[in-house]
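In: below is the sequence, then the predicted model.
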Amino acid sequence: MTATLLATKRVEKPWGRTQLWPGFANPAPGGEKVGEVWFQTPHAGEPELLIKYLFTSEKLSVQVHPDDAAAQAAGYPRGKDEAWLILAAEPDSTIALGTLEPMTHEALRAASLDGSIAHLLDWKPVKAGEFYYSQAGTIHAIGAGITVIEVQQNVDLTYRLYDYGSDRELHLDAGVAVSNPVPFVPLPTPAPDGGDHQVLAEGPKFVVERFAGGHRVIALPDGVTAWLVPVAGAGVVDGVAWQAGECLTLTGRCEIAAEVGSDLLLAYPGETRI
């Protein structure tokens, strides 16, 4: 049994915020906006998953991530499926997932060049508590005024298709090649277990479970690492204290004691629930 509290890495972004989220210190007055907080192991590139918080004040770029095969062909260890738990959103906040209609790759490239791609995406209103799993190849963009927890395959590989006229680099050739420019189809929702436990996503690249406070034993198979993400509350796992805004990795058999009112995510690689 091993529980390890992970280090945090604050990432400044032009679309970030100066007012973050309970559990995270705001930037110093006059400081740069913080857009992401990453939770990292000592060897940051090795684990299969990465947990982040995102804080947006502007729309993120229109982007896409490659699948495992395309990423490995480009020299990366894996592709990038990702999922978002919405913690907070402004009344008009949206996330774009997929295109409104199927597009050819030629049409996608042209729309990315002239900016019309921003109007050809399916912008969905979002609110706190919603969960979305975005598979590799899905064209997407996170809108303004949103706080999310992101679970993703651990690779820093993003292809930007369009960035609203900014001077940041685009990756049209690579991005168009790995895109699946079709309307978004959500993965099947796992059947609810009832009570205080819910499976939010079951594969294909990782499983995400959500459960409330209390006492719980997690038994992980040999060689499997899980990430415990306290959304709210505080507690102890195998003698390691934690609170909301932190993240731990777990291996082996772990006993979790969480105070009443806690809200926890557990994420681990794989296609099916352990």
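Out: Great, that's in hand.
In: can we go C-alpha only for contacts and neighbour counts from here?
Out: Will do.
In: longest strand in the protein, please.
Out: strand 253-269 (DSSP state E).
In: output the contacting helices and strands for that one.
Out: In this structure, strand 253-269 packs against strand 2-5, strand 206-219, strand 226-232, strand 234-237, with contacts taken as 3 or more CA pairs under 8 Å, 6 or more residues apart in numbering; DSSP states H and E.
In: go again with 6 Å.
Out: When contacts are defined as 3 or more CA pairs under 6 Å, 6 or more residues apart in numbering; DSSP states H and E, strand 253-269 packs onto strand 206-219, strand 226-232, strand 234-237.
In: tell me which of those strands sits most buried.
Out: strand 226-232 (a mean of 23; mean count of other CA atoms under 10 Å).
In: now that one: mean pLDDT?
Out: In this model, strand 226-232 has a mean pLDDT of 98.
In: out of everything not next to it in sequence, what's closest to K59?
Out: G143 (4.2 Å; CA to CA, 6 or more residues apart in numbering).
In: what's the neighbour count on that neighbour?
Out: For G143, the neighbour count with other CA atoms under 10 Å is 25.
In: check T104 too.
Out: By other CA under 10 Å, neighbour count at T104 equals 14.
In: what of the one 4 residues further on?
Out: Each residue near L108 was counted by other CA under 10 Å, and the total is 22.
In: what about the helix or strand encompassing it, distance to the chain center?
Out: Per DSSP states H and E, L108 falls inside helix 105-114. From the chain centre to the centre of helix 105-114 is a distance of 26 Å (CA atoms, centre = their mean, to the nearest Å).
In: please save the CA atoms from whichever helix or strand comes after that helix in CSV.
Out: Counting by DSSP H and E, the next helix or strand C-terminal to helix 105-114 is helix 117-120. Extracted as CSV, the C-alpha positions of helix 117-120 are listed here (Å, rounded to 0.1, in the frame of the first residue of the first chain):
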residue,chain,number,x,y,z
ILE,A,117,-14.2,26.7,-38.0
ALA,A,118,-15.2,28.6,-34.8
HIS,A,119,-18.8,28.8,-36.2
LEU,A,120,-18.9,25.2,-37.5
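In: now helix 117-120: average pLDDT?
Out: Here the average pLDDT along helix 117-120 is 98.
In: what's that helix in contact with?
Out: T99, L100, A111 (CA atoms under 6 Å, 6 or more residues apart in numbering).
In: just stretch 220-234 next, same as before
Out: Counting by CA under 6 Å, 6+ apart, 242-244, 247-252, 258-259, 262-268 sit against stretch 220-234.
In: mind redoing it with 8 Å?
Out: 51, 213, 241-253, 258-269, 274 (CA atoms under 8 Å, 6 or more residues apart in numbering).
In: now which of the residues you listed would you call buried?
Out: 51, 213, 241-253, 258-259, 262-269 (16 or more other CA atoms under 10 Å).
In: domain parsing for this structure?
Out: Per the record, the chain has its domains at 56-178, 197-269, by automatic domain parsing.
In: now these as CSV including distance to R10?
Out: Formatted as CSV, these follow (distance: least, CA to CA, whole Å):
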stretch, distance to R10
domain 56-178, 14
domain 197-269, 12
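In: out of those domains, flag the one nearest F184.
Out: Nearest to F184, of all the domains of the chain, is domain 56-178, at 4.5 Å by CA to CA.
In: quote the end-to-end distance of the closest one.
Out: 26 Å (CA to CA, to the nearest Å).
In: mind showing which ranges of this protein have poor pLDDT?
Out: For the chain, applying pLDDT under 70 flags the ranges 1.
In: what ranges does it have for its helices?
Out: For the chain, the helices defined by DSSP state H occupy 68-73, 105-114, 117-120, 172-178.
In: how about the first one: buried residues?
Out: What it means is helix 68-73. Neighbour-count burial for helix 68-73, counted by 16+ other CA under 10 Å, picks out D68, A70, A71.
In: who touches it?
Out: Contacts to helix 68-73, defined as CA under 8 Å, 6+ apart, come from residues P77, R78, G79, K80, V178.
In: separation between the last one and E90?
Out: Taking CA to CA as the measure, V178 falls 32 Å from E90.
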